[in-house]
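Q: Pasting the sequence and the predicted coordinates here, then a few questions.
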Amino acid sequence: MRGRNGDEGMGIWMTRLAPVVAAVAALFGGAAAAAPATPFAGVACQTPPPAFCTEKGCPPDLMAAPGNAVDPKTGRRFFLDFPCGLKRGDKVIFILSLHGATSAGAWQRNYFRAAALKDKYRLVIASPTAGNAQRIWSAADDAHLQNVADMVIGELGARNIKAFWLAGHSQGGLTANRVICNDYFKGRVDGLLSLSGGRIGRAAPAPALFDGRPPPTGAGGSNETPACDFNYIFETGDREMVALPEVSPWAEKYGCGPRVRQREVKDTKPGFITGERKTPPNPAYGLDARPGVAQVMVYPKCNGGKLVADVVRLEKGHTEGLEPAITETLIQMIAAAPSGKLR
């Protein structure tokens, strides 16, 4: 059985597991000492990374882990994944990855398993956790996000970061959209990957997604066009929306051509996160992790070569973890997009 979660429900589940956190941290310390390690910001590299689900499932202690790195200004823990053997001067892609409401950094790393590709694509991924008891991102977390970014950029050197992207699931995607044009991030971030986190150019959410309750503010995205420049990928499950608009205000901003369906990505393996169990089952919210097919659609010929894309996972809802092949496709798209704000 694989990991379970949604933007709701996991908060109560993880709270009950708080007593195991200290034991898990001690366990990771022993594992790191025994594994081949390269120091990075005081963190030892591990392959496979710590707190990673396996084919056998996602034990609760892994999902409750607080992280293997520390924000030096606040003492808050977060996960930091990077290539083993990373040396000063190596060029990398940096992704700051934000979980959804009531979730946590450990869940996000297994929902969007970019860390499984860290060595192949030279990725550095930071996965923090919101600081309030509800684990819902707010403006009070903005300084922490900046601290994490400063820590990574300072350790690597700005010129060695080929690309810097924000990624976020659900409310984490809405948060990434909120902060990407602020004074700190707008001159640093090259792109935004919204993982069911609202679309620039609203995609109406399926009513069943919220079990008949009013959708939260920002659900489905925004028709407002952010006032800064970045590449943009919107990824979603087709069961969590009524319909995906054929046009994109973000594509219009860059003078892109009409959207083109590039290819289908077929996954023979499931992701590592299963949607929260509901009675009756709610396909819009998420079911068991399983293989699938994703459609990749790109708006071509954008000014400046900007990447603007929509990715739809067929017959998937809000919380099934991304499958391996579509995860790698998204990383390949990030790697190929225009970049260099930090250089």
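A: Right, received. Where do you want to start? Numbers count the residues shown, from 1 in each chain.

Q: When you work out contacts or count neighbours from here on, use the C-alpha atoms and nothing else.
A: Fine.

Q: quick one: the helices in the stretch 1-150 of the chain?
A: Ranges of helices within the stretch 1-150 of the chain are 10-15, 21-34, 60-63, 105-111, 118-121, 142-156, based on DSSP state H, counting those that start in this stretch.

Q: how near is Leu322 to Thr329?
A: Going from Leu322 to Thr329 by Cα to Cα, to the nearest Å gives 11 Å.

Q: err, Gly317, not the other one
A: In terms of Cα to Cα, Gly317 sits 19 Å off from Thr329.

Q: got the contact list for Gly100?
A: Gly100 makes contacts with Gly6, Asp7, Gln108, Ile136, Gly168, His169, Ser170, Gln171, Gly172, Gly173, as judged by Cα atoms under 8 Å, 6 or more residues apart in numbering.

Q: rerun that using 10 Å as the cut-off
A: Each residue near Gly100 by Cα atoms under 10 Å, 6 or more residues apart in numbering is listed here: 6-8, 107-108, 129-130, 135-137, 168-175, 195-197, 319.

Q: same thing with Ala294?
A: 235-238, 263-267, 311-316, 323, 325-326, 329.

Q: what element comes up after the helix or strand that contains it heading to the C-terminus?
A: Assigned by DSSP states H and E, Ala294 belongs to strand 292-298. Next helix or strand after strand 292-298 toward the C-terminus (DSSP H and E): strand 308-313.

Q: So what's the gap between that following strand and the chain middle?
A: 15 Å (Cα atoms, centre = their mean, to the nearest Å).

Q: partners of that strand in the sheet?
A: strand 231-237 (parallel), strand 292-298 (antiparallel) (DSSP bridges).

Q: and the closest residue to Lys306 other than its chain neighbours, how many neighbours?
A: Distance criterion Cα to Cα, 6 or more residues apart in numbering; nearest residue to Lys306, sequence neighbours excluded, is Asn231 at 5.6 Å. The tally of other residues near Asn231 (other Cα atoms under 10 Å) stands at 21.

Q: For Asn231, which residues are in contact?
A: 165, 189-193, 250-251, 305-309, 334, 337-339.

Q: Now the buried members of the residues you listed.
A: The neighbour count (16 or more other Cα atoms under 10 Å) marks 165, 189-193, 250-251, 306-309, 334, 337-339 as buried among the contacts of Asn231.

Q: so who does Leu287 touch?
A: Per Cα under 10 Å, 6+ apart, neighbours of Leu287: 4, 273-278, 281, 315-321.

Q: Tell me if I am right that it is in a strand.
A: No: with DSSP: H, G, I helix; E, B strand; the rest coil as the criterion, Leu287 is located in coil rather than a strand.

Q: Next one, pLDDT for the residue nearest to Arg313 when sequence neighbours are not counted please.
A: Once flanking residues are discounted, Arg313 sits nearest to Ala294: 4.1 Å by Cα to Cα, 6+ apart. What the model reports for Ala294 is a pLDDT of 98.

Q: For the stretch 201-343 of the chain, which segments are assigned as strands?
A: 221-222, 231-237, 260-267, 273-275, 292-298, 308-313 (DSSP state E, counting those that start in this stretch).

Q: from those, which stretch is densest packed?
A: strand 273-275 (a mean of 27; mean count of other Cα atoms under 10 Å).

Q: From the contact counts, what lies against that strand?
A: strand 3-5, helix 105-111 (3 or more Cα pairs under 10 Å, 6 or more residues apart in numbering; DSSP states H and E).

Q: Number of residues surrounding the residue lying closest to Val152 once chain neighbours are set aside?
A: Sequence neighbours aside, Ala41 is the residue nearest to Val152 in space, at 7.7 Å (criterion: Cα to Cα, 6+ apart). Number of residues near Ala41 (other Cα under 10 Å) recorded here: 16.

Q: Ala41 and Tyr121: what is the separation?
A: Relative to Tyr121, and taking Cα to Cα, Ala41 is found at 20 Å.

Q: And for Ala167?
A: From Ala167 to Tyr121 the distance is 16 Å (Cα to Cα).

Q: Same question for Asp141.
A: 29 Å.

Q: what's the answer for Arg159, then?
A: In terms of Cα to Cα, Arg159 sits 17 Å off from Tyr121.

Q: tell me the pLDDT at the residue nearest to Val152?
A: 78.

Q: Poorly predicted segments of the stretch 1-150 of the chain, please.
A: For the stretch 1-150 of the chain, applying pLDDT under 70 flags the ranges 1-39.

Q: hmm, try it at 80
A: 1-39, 41 (pLDDT under 80).

Q: ok, the residue nearest to Asp238 when sequence neighbours are not counted - how many residues close by?
A: In space, and not counting its chain neighbours, Asp238 is closest to Leu314: 5.4 Å by Cα to Cα, 6+ apart. Neighbourhood size, Leu314 [other Cα under 10 Å]: 14.

Q: cool, Ser138 as well?
A: 14.

Q: circling back to that earlier point, can I get the helices and strands packed on strand 273-275 in CSV with mean neighbour count?
A: Formatted as CSV, these follow (neighbours: other Cα atoms under 10 Å):
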stretch, mean neighbour count
strand 3-5, 26
helix 105-111, 26
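
Q: Would you tell me which of those gets closest to Cys45?
A: Shortest distance between Cys45 and these, using Cα to Cα, is found for helix 105-111: 15.4 Å.
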